[in-house]
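A.B. asks: Structure, please.
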Amino acid sequence: MYNLFIFIKKYNAVILFILLEILCFILVMHSLPYQNRKMVSVSNSISGGYHEVTGNWADYLHLKSENEELAQHNAVLLQALGCDELAADTIYVDDIFTYIPAHVINNSIDKINNYILIDKGRADGIEPDMGVICGSGVVGKVLNVTEHYASVMSMLNSYLVVSCRFIDNQYVANVSWDNMNYLYGQVRDIPSHLIINKGDTLVTSGFSNSFPADIMVGTIEETEDDENSMFSTGKLKFSTNFNTLRHVYVVKNNYKAEIDSLCISR
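C.D. replies: Numbers count the residues shown, from 1 in each chain. Here you go, the predicted structure:
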């Protein structure tokens with residue numbers, strides 16, 4: 001404190017001069033319209049430049065995340081289609097399924113029955129009951145369709161049940177949502193004699209016309225035995241993060257009508 005006092009006493013004339021200059025500058029800027037407008041313009045330019053730089057940086061970071069997500073999508077389809085290269089926003093077709101890319105434009109995760117809105121509809125070949133997947137796994141099933149949009153019944157919906165199988169032992173079970181947390185679901189109809197461990201992986205069984213086989217669904221967190229039943233249940237951690245969902249693929253079974261006709265005739 002003493003040194004500060006000595007400094008001010010020594011340079012008081014210089015400090016007073018600087019303060020007066022700043023005061024005069026402010027008074028001139030506020031008294032003359034032209035100078036005032038120029039000052040505001042310069043200030044806005046600096047502020048705008050700052051926000052543009054920070055905004056571009058934020059967009060860059062978000063773009064990086066989206067590119068990683070698209071890379072995951074492509075990896076899933078590469079495996080499903082057995083090909084070496086995929087391009088973004090392209091429809092892919094294998095011997096059985098057609099994969100139609102779409103963007104999520106609305107999504108809910110905090111309701112008992114959650115839905116997703118995508119930007120593809122009847123004009124793009126979308127129909128009800130088609131499966132929807134993303135780079136990390138199963139997303140849901142198409143519910144309603146308009147000309148250019150479709151609503152999807154999310155896996156976070158109490159009405160949706162997906163047939164799955166354990167990778168290790170090939171046993172089939174059903175997965176649904178437990179209505180509690182968007183990160184977790186419930187595995188039902190697990191044969192009670194099976195030894196299930198934390199981390200065991202479930203994929204789609206392929207027994208549904210909506211989903212190809214071997215699409216990731218999630219991993220076991222814990223199991224619960226029921227002494228009065230031949231089946232046990234398990235807590236599943238979804239492989240798909242529904243809170244960050246942006247890009248999806250709608251899965252069209254090219255032989256669905258033929259398969260359905262056989263099922264109806266039985």
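A.B. asks: Quick check: buried residues in stretch 241-254?
C.D. replies: Phe242, Leu245, Arg246, His247, Val248, Tyr249, Val250, Val251, Lys252, Asn253 (16 or more other C-beta atoms under 10 Å). Backbone N, C-alpha and C define where each C-beta goes, glycine included.
A.B. asks: Given the helix or strand hosting Ala102, what are its sheet partners and their directions?
C.D. replies: Assigning secondary structure by DSSP states H and E places Ala102 in strand 97-107. Sheet pairing here is set by DSSP bridges, and for strand 97-107 it gives strand 92-93 (antiparallel), strand 113-118 (antiparallel), strand 247-253 (antiparallel).
A.B. asks: So for the first one, mean pLDDT?
C.D. replies: Averaged over strand 92-93, pLDDT sits at 70.
A.B. asks: May I ask you to confirm that Ser151 belongs to a strand?
C.D. replies: Yes. Ser151: assigned to a strand according to DSSP: H, G, I helix; E, B strand; the rest coil.
A.B. asks: coming back round to it: okay if I get the buried residues of stretch 241-254 as JSON lines plus pLDDT and distance to Val203?
C.D. replies: Formatted as JSON lines, the buried residues of stretch 241-254 follow (pLDDT from 0 to 100; distance: C-beta to C-beta, whole Å):
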{"residue": "Phe242", "pLDDT": "96", "distance to Val203": "18"}
{"residue": "Leu245", "pLDDT": "93", "distance to Val203": "19"}
{"residue": "Arg246", "pLDDT": "91", "distance to Val203": "23"}
{"residue": "His247", "pLDDT": "91", "distance to Val203": "20"}
{"residue": "Val248", "pLDDT": "93", "distance to Val203": "18"}
{"residue": "Tyr249", "pLDDT": "93", "distance to Val203": "16"}
{"residue": "Val250", "pLDDT": "95", "distance to Val203": "19"}
{"residue": "Val251", "pLDDT": "94", "distance to Val203": "14"}
{"residue": "Lys252", "pLDDT": "93", "distance to Val203": "20"}
{"residue": "Asn253", "pLDDT": "91", "distance to Val203": "17"}
